[in-house]
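Student: below are the sequence and a predicted model for it; my questions follow.
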Amino acid sequence: MSAIVRGVRVKFDGRIKDFTKIFLDFNGVLATDGILIDGVAERIQRLRERGVRVTVVTADQGRNVRHQLTGILPMDQIVTVGEDTAKAAKVQDRRLDLGEAIAIGNGFGDSEMLRAAEIGIVVDVGGGINREAMLAARMIFTGGTPQVIVNVLDRLLNGSFTL
């Protein structure tokens, strides 16, 4: 009988680890043009059901992110940062500890968050990838379509994520 996995299981550096924290950028990762990508809400819900604390970190100062994520995430799991504020610093200020977490982003503002996380992942859902983010990540997923993030989240949920 196999043990129940809490969180998401990742194979990397010759070991297997279960992660219970994921930090995600909003626009360009979970959303395109401010609209949540089809299938993302369901994957976030499944992650939360598995005991994963999902935190969205965004530079979007408006209410759009909160509107898009209403009913999907508690509002205290949405961290808004200024355009010139490093996301990792803001997350650390909230004492959310990136050290034993997975972070997914694509932009320059995500690079410190990706570097600080135990596993940093860059995705291209159609808006491109910043060079600094690529250098900070352990894994890069390209494709240029919104389906890329859905596939990454599915791999995390299915335990088929290997670095």
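Tutor: Arrived safely, thanks for sending.
Student: ok, G120 to T70 distance?
Tutor: 28 Å (C-beta to C-beta, to the nearest Å). All C-beta spots, glycine's among them, are computed from the backbone N, C-alpha and C.
Student: those two: which has the busier surroundings?
Tutor: Per other C-beta atoms under 10 Å, whichever of G120 and T70 has more neighbours is G120, with 27 against 11.
Student: report the contact partners of the more buried one.
Tutor: 102-105, 113-114, 136-139 (C-beta atoms under 8 Å, 6 or more residues apart in numbering).
Student: convert the C-alpha atoms of stretch 110-120 to CSV, please.
Tutor: Provided in CSV are the C-alpha atoms of stretch 110-120 (Å, rounded to 0.1, in the frame of the first residue of the first chain):
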residue,chain,number,x,y,z
ASP,A,110,10.6,37.0,-10.7
SER,A,111,14.3,36.3,-10.9
GLU,A,112,15.1,36.7,-7.2
MET,A,113,12.0,34.7,-6.2
LEU,A,114,13.1,31.9,-8.6
ARG,A,115,16.7,32.0,-7.3
ALA,A,116,15.6,32.0,-3.6
ALA,A,117,13.2,29.0,-4.1
GLU,A,118,14.5,25.5,-3.8
ILE,A,119,13.2,24.9,-7.3
GLY,A,120,12.7,27.8,-9.7
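Student: give me the mean pLDDT for it.
Tutor: For stretch 110-120, mean pLDDT is 91.
Student: output the lowest mean pLDDT helix or strand found in this structure.
Tutor: Comparing helices and strands within the chain by mean pLDDT, DSSP states H and E singles out helix 87-93 as the least confident, with a mean of 59.
Student: OK, contacts around the closest residue to G39 other than its chain neighbours?
Tutor: Ranked by C-beta to C-beta, 6 or more residues apart in numbering and with sequence neighbours excluded, the top spatial neighbour of G39 is V150, at 4.3 Å. Listed by C-beta under 8 Å, 6+ apart, the contact partners of V150 are 37-40, 43.
Student: and the two most separated of these?
Tutor: Pairwise distances across these (C-beta to C-beta) peak at 10.5 Å, for the pair D38 and R43.
Student: tell me which of the two has more neighbours.
Tutor: Using other C-beta under 10 Å, the more surrounded residue of D38 and R43 is R43, with 20 against 10.
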